[in-house]
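> would you be able to build a 3D model of this:
(chains A and B)
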Number of protein chains: 2
Amino acid sequence: MSDALNRLAAVVGEKHAIRDAAGMDGYMREWRQIWTGRSPLVLRPGSTEDVSRILAIANETRTPIVPQAGNTGLCGGQIPTDAGNEVVLSLERMTRILDVDAADNTITVEAGAVLKSVQEAADAVDRFFPLSLASEGSCRIGGNLSTNAGGLNVIAYGNTRDLCLGLEVVLADGRVWNGLKRLRKDNTGYDLRDLFIGAEGTLGVITAAVLKLFPKPRTVETAFIAVPSPQAAVDLLSLARELSGNRVVGFELIADIALQFAIRHAGVRHPLAEASPWYVLAELADPVPGAMMAIFESAMARGLVTDAALAQSDAQRSAFWAARELISESQKSEGGSIKHDVSVPVSKVPQFLAAADEAVSRFLPGSRFVSFGHLGDGNIHYNISQPVGMDKEAFLGMWNEVNDVVFEVVGRFNGSISAEHGIGRLKAYRMPEIKSAVELDMMRGLKRLLDPNNILNPGRVLPE
Amino acid sequence: MSDALNRLAAVVGEKHAIRDAAGMDGYMREWRQIWTGRSPLVLRPGSTEDVSRILAIANETRTPIVPQAGNTGLCGGQIPTDAGNEVVLSLERMTRILDVDAADNTITVEAGAVLKSVQEAADAVDRFFPLSLASEGSCRIGGNLSTNAGGLNVIAYGNTRDLCLGLEVVLADGRVWNGLKRLRKDNTGYDLRDLFIGAEGTLGVITAAVLKLFPKPRTVETAFIAVPSPQAAVDLLSLARELSGNRVVGFELIADIALQFAIRHAGVRHPLAEASPWYVLAELADPVPGAMMAIFESAMARGLVTDAALAQSDAQRSAFWAARELISESQKSEGGSIKHDVSVPVSKVPQFLAAADEAVSRFLPGSRFVSFGHLGDGNIHYNISQPVGMDKEAFLGMWNEVNDVVFEVVGRFNGSISAEHGIGRLKAYRMPEIKSAVELDMMRGLKRLLDPNNILNPGRVLPE
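Numbers count the residues shown, from 1 in each chain, chains lettered A, B, ... in the order given. All right, here's what the predicted structure looks like:
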């Protein structure tokens, strides 16, 4: 193994081949410290050619490689195991913006470009790159693509997959596939691009991408809205889409307890005068003037909305969003949380919430349901705070059992147990539960085809 | 072979197993009569289970299968060869709309559903299915998906790929993959859906799909606009997107000669008072009121537009679109045409047109460039009418050579030689020219993985 490591290190030079524990430390853990691991070597290539040479050697020497971009993933896919034999391939030096074309509405970037820098490069030519996540200041495009990241604007612009026109990928054997097309239409053969997007680095290493840009929204209207039920929120979404000319760019559902936590622990001010069982944070971009008021009036007449506040300033808009964004953090002060990133068809969200609450309550009476999320995508962050007074460790010890209860309900609605975070190491073992034999068989076939020696992020996505 | 045919026929029953020449005739040719072939048997399955049993037998007996939906494809992918050994699998009996969910904005259909029937089913629940093609009255969703059809609304809604959430596919060995998810987000494993979309029936047979619906546009503004050059049209597109709040849903470029042909041979009235070298047919959906006038004013001030007419009625809007849609037909009266369905990055369209006109003129002086197409997608129907007075057959005899000249220019701009029509039998032989060795190798690997006995539409997409 040592000879292989020396050959790998020689590709990038000693300066960019890290072997000491202190230097490697930041690559061995993610910020929450939930996933940690060990590695003999961290490689920091500076070019696609470097990556190509690294993978060729790794393939020849059967050295497992763990690609890592911004190291913000929540499922452990980017962290080596404790076995200590996996080499980390960090894309963090490959941060160049290669091209921005405003007329074309495209931007071409290296995989290590930080999401925020891509947003800013678009902004500089009066364009909008819509991918937006809590971690945008540190996550990198290669990771966003490899996990098909979602985020706040999916309802209007789609997931990362939908924002990509072309890719450059280094295959397991070191060959480079240049698929950096800037075309809106290209029907010449199989869609290889989408095979690598969302594959979490198990089929190839993405080194560059062509991404779509959009005109910047010129006006944005944001409202915090009290609704009596999730079903009212679903109906309100249909109404808002129709009355705004399909200009809904954000539609977040928030349970009252989630807002209460943010008020209690994160200094958030209640945006409305009175509490409501549920809220919606809705945003329209470039609507017909007065669209939001028309939506309120129509919705109130139908009993879908009981109160609403329209943001009158950027500061107020930010305050509304802060209420949404501080929920997850504020749950910490309420003891243990068991979290789920699930999706069901949008129209099934109300039934899913009722059924899941009932099933979990039966399993663990007193569970508190801090449900919130991207209703427009059917994507609920179904977070459960521990019963008041229960021992935190005892609650967290039930993690997998509670997951089982929730995922069973997800299955009833033909939903997804990982809507936007991916599989990684966290959920690979569940793949045989949630996928049919024929689907698993195709996935294993693809893995064998593109990575016959199983050197690329082994054990992630597909269990060993 | 005869035993295999009898077993295949038995799956659907004699009523739906056609063996006589007269009965098979309609399946052996497409409407233009360019692609014709022979077959021993046409099968008309009524269910996914029928398709499954058919493919299991075909795989066991090594019987080549040609899937056929609406039989409107332009590249011959759905027509058997003259060898006479390929069995046609027609999806035309599988036309059911399985589910329409307005709250969910999804529709679930069998692969044989005619596009128009899907549009109508959406309309019946006050929703919009945006896929729209000239052949929408007869093309079927299975074919649209298998060829990743484009059409008129791609600029706003994407290609067929972008309109699909889930698929049901019968694999070459008869196993059924049920991927009929209705989810907006699902990051659990590899993207198998997009592997089958655009694969032209060579990797599996699509039997059903979940498609996205949208709110119906409430107002539409349509304009016929004179522009001095393709570059002005590209600049106008940027301006129109910005000033309309990204509500451009159609943006067609039309060369003056194309409009002249439609006027001369198809009874079209010139929408403007004076001729212009180029025109744009632009459409906005649900724009901010007055957006089109604001665009005109700003564009005229910049010299991007010299004249424009805004449709004042549905009849006028239809007349504008008729001018665009009758171009291809009206070319027939001008002698032979050699046609290309190409794309380049949107910003490169002006350079592409100049370079291609120059290269073709050098090859064949007097060639007439009847260029038009979806400028917003960088997709130009680069059609060449023969020089005046030249012998038609002599001109058409140069088809492949003219293609060579045009495709060389497409390659210079990193474009696509088939933007929306696909590869089929027409262009399979060109794949080694336009694809890198590594891309071809991946494609061949995927074909071997999913169709090891090469029974599914052999020779289409990938040359034998």
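> list the buried residues of stretch A:202-220.
Under the neighbour-count criterion of 16 or more other Cβ atoms under 10 Å in any protein chain shown, stretch A:202-220 has A:202-217, A:220 buried. Any C-beta I mention is one placed from the backbone N, CA and C, and that applies to glycine too.
> ditto for stretch A:308-318
Neighbour-count burial for stretch A:308-318 [16+ other Cβ under 10 Å]: A:308-311, A:317.
> wait, A:K339 sits on A:G373?
No. Using Cβ atoms under 8 Å, A:K339 is not in contact with A:G373; the gap is 10.9 Å.
> chain B contacts on the stretch 351-464 of chain A?
A:374, A:376-379, A:414-423, A:427, A:431, A:434-436, A:438-439, A:442-443, A:445-446, A:449-450, A:461-462 (Cβ under 8 Å from any Cβ of the partner chain).
> mark which of those residues are buried, thanks.
A:374, A:376-379, A:415-423, A:427, A:431, A:434-435, A:438-439, A:442-443, A:445-446, A:449-450, A:461-462.
> what are the ranges of the helices in the stretch 251-400 of chain A?
For the stretch 251-400 of chain A, the helices defined by DSSP state H, counting those that start in this stretch cover A:256-266, A:291-301, A:314-325, A:327-330, A:349-363, A:392-396, A:399-412.
> those into TSV, with extra columns for mean pLDDT?
Shown next, in TSV, are the helices of the stretch 251-400 of chain A (pLDDT from 0 to 100):
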stretch	mean pLDDT
helix A:256-266	97
helix A:291-301	95
helix A:314-325	94
helix A:327-330	92
helix A:349-363	98
helix A:392-396	97
helix A:399-412	97
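> can I get those helices in TSV including distance to B:M390?
Converted to TSV, the helices of the stretch 251-400 of chain A look like this (distance: least, Cβ to Cβ, whole Å):
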stretch	distance to B:M390
helix A:256-266	74
helix A:291-301	57
helix A:314-325	65
helix A:327-330	71
helix A:349-363	64
helix A:392-396	81
helix A:399-412	66
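> count of neighbours near A:L281?
If you count neighbours by other Cβ atoms under 10 Å in any protein chain shown, A:L281 ends up with 23.
> separation between it and chain B?
18 Å (Cβ to the nearest Cβ, to the nearest Å).
> any shared contact partners between A:K339 and A:G373?
Both A:K339 and A:G373 are contacted by A:381-382, under the criterion Cβ atoms under 8 Å, 6 or more residues apart in numbering or on different chains.
> for these two, indicate the residue with more neighbours.
Higher neighbour count among A:K339 and A:G373: A:G373, with 26 against 19, using other Cβ under 10 Å.
> so who does the residue sitting nearest the centre point of chain A touch?
The centroid of chain A falls nearest to A:A149 when counting by Cα atoms, centre = their mean (3.6 Å). Residues in contact with A:A149 (Cβ under 8 Å, 6+ apart) are A:131, A:133, A:139, A:143, A:159-160, A:420.
> equivalent analysis for A:G37, please.
A:28-29, A:79-82, A:84, A:86.
> if any of the residues you listed are buried, give me the ChimeraX selection for them.
Filtering those down to the buried ones (16+ other Cβ under 10 Å) takes a single ChimeraX command:
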select /A:28,79,80,81,86
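> of the contacts of A:G37, which are in range of chain B?
Among those, no residue lies close to chain B (Cβ under 8 Å from any Cβ).
> closest to B:A301 among the contacts of A:G37?
Nearest to B:A301, judged by Cβ to Cβ, of the contacts of A:G37 is A:I79 at 56.4 Å.
> just to revisit the earlier point, and chain B, which of the buried residues of stretch A:308-318 contact it?
Okay, of the buried residues of stretch A:308-318, nothing touches chain B (Cβ under 8 Å from any Cβ).
> what ranges do the strands span in the stretch 201-350 of chain A?
Using DSSP state E, counting those that start in this stretch, the strands of the stretch 201-350 of chain A run over residues A:205-212, A:214-215, A:220-227, A:248-255, A:278-285, A:307-310, A:337-338, A:341-343.
> and these as TSV, adding mean pLDDT?
Converted to TSV, these look like this (pLDDT from 0 to 100):
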stretch	mean pLDDT
strand A:205-212	98
strand A:214-215	96
strand A:220-227	96
strand A:248-255	97
strand A:278-285	97
strand A:307-310	96
strand A:337-338	96
strand A:341-343	96
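> any chance of those in a markdown table, plus distance to A:L74?
Formatted as a markdown table, these follow (distance: least, Cβ to Cβ, whole Å):
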| stretch | distance to A:L74 |
| --- | --- |
| strand A:205-212 | 19 |
| strand A:214-215 | 27 |
| strand A:220-227 | 27 |
| strand A:248-255 | 19 |
| strand A:278-285 | 22 |
| strand A:307-310 | 32 |
| strand A:337-338 | 13 |
| strand A:341-343 | 8 |
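> quick one: closest of those to B:N383.
strand A:205-212 (28.1 Å).
> from the contact counts, what lies against the closest one?
helix A:48-61, strand A:106-110, helix A:141-146, strand A:164-170 (3 or more Cβ pairs under 8 Å, 6 or more residues apart in numbering or on different chains; DSSP states H and E).
> please work out which of the ones you listed is packed deepest.
Each of the helices and strands packed on strand A:205-212 was scored by mean neighbour count; the highest is helix A:141-146, a mean of 30, by mean count of other Cβ atoms under 10 Å in any protein chain shown.
> what's in contact with the next helix or strand after it?
On the C-terminal side of helix A:141-146, the closest following helix or strand by DSSP states H and E is helix A:154-157. Residues outside helix A:154-157 that contact it (Cβ under 8 Å, 6+ apart) are A:130-131, A:163, A:214, A:247-251, A:285, A:374, A:376-377, A:379, A:420, B:184-185.
> great, nothing more from me.
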